[in-house]
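Sharing a sequence plus its predicted fold:
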Amino acid sequence: MPERKTSSERLAAFSDAVFAVIITIMVLDLKPPAEATLRALLPLWPTALSYAVSYFFIAIIWVNHHHLLRFAHRATPQLIWWNFAHLFMVSLVPVATAWMAATRLSAAPVFIYALVFVLVEVAYIAFERTAFSQAGSNDISLRLRHIAKLRSYLALGMFVAATSIAFWSPLSGLALICCVLLIYLSPRVPDLFRWTAR
């Protein structure tokens, strides 16, 4: 019997469901204030900030994940397992977000939050390399592959720096994490260069 190749569409559908669950878990951690006043919302700013950053990050991770799967024509065992590793790391974001919010952006939780994104990025780099290995030269040029690789390692370096900074200045560590949003705002490298050139 001929070997049947598994399409990456099923992998994408499963991943979409996992991302949806992760976002839902984060929403469930949002609790309304006990008092019916606008002033009661003020103490909730760490929770709102933590949730907003994490939600935006997960959205960007999903956009880039979806973009990479366009280059993967079939779900090989290697691609499947790196996808599982990447999704596992992303699934740690709600826990780190809740702890960071509950402790009002204390040093240790922000450090763990940054460390989670280090792990997310490490898994993403492996997932990106595996997806690109299935792409032909017509799909993406060698130059753009190299640029995408450099972008990923730059993001990893910034996340590592954020883990170091977080112990001395949690807000600075969180700000550096947010700067990585700009790197991955567009999954297409040419779009990124057009925006930064303006």
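Perfect, I can see it now. Numbers count the residues shown, from 1 in each chain.

Give the other helices and strands that the host helix or strand of residue 119 contacts.
Using DSSP states H and E, residue 119 falls within helix 107-132. Helices and strands touching helix 107-132, by 3 or more C-beta pairs under 8 Å, 6 or more residues apart in numbering; DSSP states H and E, are helix 45-69, helix 77-91, helix 93-102, helix 142-166, helix 170-184. In short, each C-beta sits where N, CA and C put it, glycine included.

out of these, deepest packed?
Most buried of the helices and strands packed on helix 107-132, by mean neighbour count (mean count of other C-beta atoms under 10 Å): helix 93-102, with a mean of 20.

Which residues does that helix contact?
22, 25-26, 29, 46-47, 49-51, 53-54, 57-58, 106, 109-110, 112-113, 116-117, 120 (C-beta atoms under 8 Å, 6 or more residues apart in numbering).

any idea how far the residue lying closest to residue 151 once chain neighbours are set aside lies from residue 118?
The spatial neighbour of residue 151 that comes closest, neighbours along the chain excluded (C-beta to C-beta, 6 or more residues apart in numbering), is residue 183 at 5.9 Å. Separation of residue 183 from residue 118 (C-beta to C-beta, to the nearest Å): 14 Å.

picking that back up, how big is the angle separating the helix holding residue 119 from helix 170-184?
Helix 107-132 runs at 10 degrees relative to helix 170-184, counting by axes from the mean of the first three to the mean of the last three C-alpha atoms, to 10 degrees.

Let me know how buried the residue lying closest to residue 174 once chain neighbours are set aside is, in neighbour terms.
Spatially, and ignoring its direct neighbours in sequence, residue 174 is nearest to residue 110 (5.6 Å; C-beta to C-beta, 6+ apart). Neighbourhood size, residue 110 [other C-beta atoms under 10 Å]: 27.
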